[in-house]
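Engineer: Return a 3D structure for these sequence lines:
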Amino acid sequence: MTRGLVLSILTSLLTACGGTGTLYVTARFSSDGSTPSSRARVTVREAASTGGLVTDAQVSVTGSKMPKTGLPFAMMSNDYRADGFGWDESLRLEVVRGTDRVEATVQSPGFTVITAPTQDGTVVKANGLLVTWRDAGNAPANIVRLRLEQADVDVTLADDKFQYRIGADPLVVTDRESVYLERSNEIAPEGGAPGSVISATTTHAIQFKVE
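Structural biologist: As a prediction, the model looks like this:
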C-alpha cells in the first residue's frame, strides 16, 4: 500500500468519525453567491434535539481557502453564527466543549444560476414551464428544492438533474412570478449525537411573467 493511499484513508476516517457522539449539532451554511449573503447558523445541544442548549462551546469553520474562523454565540437567536464570509467548495465544522467534540466536513454546492426562465422574461401558461439551472462547478447537489411564489409549486427533488418541468395547471397568469431554487449537500456527522446534521446550500431566485 502506498504512503499516499494510507494518508488518504486516514484523512477519510478522521473526517467521517471525528467526534464523541455526545453533542447534538445542526449547522446550516448558505449563500446566493455574494459574500454579504453568506450565513452560518449552528445550534448545539446536549445529547439530543431536546437536550439543554449549549452556549459555551468553541465553534469554528474552516474552508478550503478560508482560515479557521470562530463563530460567537448569539443570545438573541440561541445559536452560533457568522455572516459575510467567502464561500468555499468545502466547509469544515468543529464544535468543542471540554472533552466533547464534533468535527465534520461538508462539500458545498457550487453557486447556482437559473438559466430558464430568464429574468423578466415571459412564459406562456399553456406551454407549461421548464426550469433549468447550472452549477458553477458542474456538479449535482444532494437535494434540490424548487418553489414558485404565485403558483402552487413547492417540490423537493432527490436527484439534481439541472431541470424540472412544471405543467400548465399550477401556473398563474401574473406580471410578477418568482422562482426560488435551493441546492444543498447534507451530511449526518458520525461524531454527533443521532439526528445531527450539517448542510451547505446555494440559492438563486429570478422574476418573470406568465401570460
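
Engineer: for the chain, what are the low-confidence residue spans?
Structural biologist: The chain contains residues with pLDDT under 70 at 1-19.

Engineer: Specify the beta-bridge partners of residue 95.
Structural biologist: residue 59, residue 102 (DSSP bridges).

Engineer: and it, what is it in contact with?
Structural biologist: 23, 25, 42, 44, 57-59, 101-103 (CB atoms under 8 Å, 6 or more residues apart in numbering). In this view, the C-beta of every residue, glycine as well, is placed from N, C-alpha and C.

Engineer: Pretty sure residue 194 sits against residue 48.
Structural biologist: Yes: Residue 194 is within contact range of residue 48, at 7.4 Å (criterion: CB atoms under 8 Å).

Engineer: Give the intersection of the neighbour lists for the two.
Structural biologist: Counting by CB under 8 Å, 6+ apart, the contacts common to residue 194 and residue 48 are residue 24.

Engineer: Settle it for me: which of the two has more neighbours?
Structural biologist: The neighbour count for residue 194 versus residue 48, taken as other CB atoms under 10 Å, is higher for residue 48 (13 against 10).

Engineer: From residue 31, how far off is the more buried one?
Structural biologist: Computed as CB to CB, to the nearest Å, the residue 48 to residue 31 distance reads 29 Å.

Engineer: Specify the residue ranges that define each domain of this protein.
Structural biologist: The record assigns the chain these domain ranges, following automatic domain parsing: 3-109, 112-187+200-210.

Engineer: Next, residue 207: secondary structure please.
Structural biologist: The three-state label given to residue 207 by DSSP: H, G, I helix; E, B strand; the rest coil is strand.

Engineer: Looks like it contacts residue 122 (just checking).
Structural biologist: No: using CB under 8 Å, residue 207 makes no contact with residue 122, being 11.4 Å away.

Engineer: okay, those two: which has more neighbours?
Structural biologist: When residue 207 and residue 122 are compared on other CB under 10 Å, the one with more neighbours turns out to be residue 207, at 14 against 11.

Engineer: leaving aside the residues next to it on the chain, what's closest to the more buried one?
Structural biologist: What sits nearest to residue 207 in space, not counting adjacent residues and going by CB to CB, 6 or more residues apart in numbering, is residue 178, at 5.0 Å.

Engineer: and that neighbour, helix, strand or coil?
Structural biologist: strand.

Engineer: Make 19 the first number, not 1, from now on.
Structural biologist: OK, 19 is where the count begins now, so the last one is residue 196.
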